[in-house]
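> give me the fold of what follows.
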Amino acid sequence: MAGLLRRVAAGFQERIASTWRLLSDTTSFLSRTSLFHQYEGELMELRRSLSTAGRDDTVVRAVRLRLTEIRASLRIQGYDLTLGALELSVKGFRGDASVAQGFRRLVVFIGERKIWVIAGDENHRVLHDYLESDLERSRSGDISQKHYLWYQWRAGLLTISGADSEAKDDFEDFKAWCEQPENRLLLLGRMRKFH
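As a prediction, this is how the structure comes out:
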């Protein structure tokens, strides 16, 4: 009987711990979007409910259910919740010497609703031509910005810097674009394959 009680207690502790993780992950993700203000009050209420639940499994299950509903709604809207653990830092300019520091070349084309990226060891002009050729073949259009950059992944942090071939004003436009929460997530999602 004592063994059964221990297993039940351990199961409850695991459920409450995993619900806290789910709440934390959901809050972290939403804080990186423009939707955060819509959910902030509800997330605070869920946190309060969970912290005062004690051993009430009904409350823990209700909080978990609501978090699952929120996350499903976000996925339907096109959000990739796995990006919540990734960070983006956009700063400064780098030259060819940054290869020795672990940086790689990156070319980014930005359209109205989409971005295209290519990374590699070739120079930025060659990468640009590859990407442009691919877009011509697929007849993708609406490119409003082109950027020549350096990038490096370190743990979950993506650092992006301008290349010598990137105009200062263009880099400022890129930084301004990256300041929009959904754009940051879009870029992180596209760059994850180069992680």
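
> three-state assignment of the residue positioned nearest the centre of the chain?
Of all residues in the chain, the one closest to the mean position by CA atoms, centre = their mean is residue 83, 3.2 Å from it. Following DSSP: H, G, I helix; E, B strand; the rest coil, we place residue 83 in the helix state.

> can you tell me which residues contact it?
Residues counted as contacts of residue 83 (CB atoms under 8 Å, 6 or more residues apart in numbering) are 29, 32, 185, 188, 189, 192. From N, CA and C alone the C-beta is placed, and that goes for glycine too.

> run through this structure and note the low-pLDDT ranges.
For the chain, applying pLDDT under 70 flags the ranges 1-13, 140-141.

> one more time with 80, if that's ok
Applying pLDDT under 80 to the chain flags the ranges 1-15, 54-55, 138-141.

> just the buried members of the contacts of residue 83?
29, 32, 185, 188 (16 or more other CB atoms under 10 Å).

> residues in contact with stretch 98-116?
Stretch 98-116 is contacted by residues 94, 117-124, 127-128, 131-132, 134-135, 140-152, 154, 159-161, 163, 174, 177, 186-187, 190-191, 194 when judged by CB under 8 Å, 6+ apart.

> buried subset of these as a PyMOL selection?
Typed into PyMOL, the next command selects the buried ones out of the contacts of stretch 98-116 (criterion: 16+ other CB under 10 Å):
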select buried, resi 94+117+118+119+124+127+128+131+132+143+146+147+148+149+150+151+152+159+160+161+163+174+177+186+187+191
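
> return the subset of the contacts of stretch 98-116 lying in helices.
Judged by DSSP state H, the contacts of stretch 98-116 include 124, 127-128, 131-132, 134-135, 174, 177, 186-187, 190-191 as members of helices.

> now, which of those sits nearest residue 60?
Closest approach between those and residue 60, by CB to CB: residue 186, at 34.3 Å.

> relative to residue 115, how far out is the closest one?
Distance from residue 186 to residue 115, counting by CB to CB, to the nearest Å: 6 Å.

> other SSEs contacting the top strand by length along the chain?
For the chain, the strand reaching the highest residue count under DSSP state E is reported as strand 143-154. On a contact count with 3 or more CB pairs under 8 Å, 6 or more residues apart in numbering; DSSP states H and E, strand 143-154 meets strand 104-111, helix 124-138, strand 157-163, helix 168-178.

> out of those, flag the one nearest residue 51.
Closest to residue 51 of the helices and strands packed on strand 143-154 is strand 157-163 (CB to CB; 30.4 Å).

> what angle separates that closest one from helix 124-138?
Counting by axes from the mean of the first three to the mean of the last three CA atoms, to 10 degrees, strand 157-163 points 100 degrees away from the direction of helix 124-138.

> wait, what's in contact with residue 139?
With CB under 8 Å, 6+ apart, residue 139 has no contacts at all.

> rewinding a little: check what contacts the longest strand of the chain and list those residues.
Residues external to strand 143-154 that are found in contact with it (CB under 8 Å, 6+ apart): 94, 98, 101-112, 116, 119, 124, 128, 135, 158-163, 165-166, 170-171, 173-174, 177, 191, 194-195.
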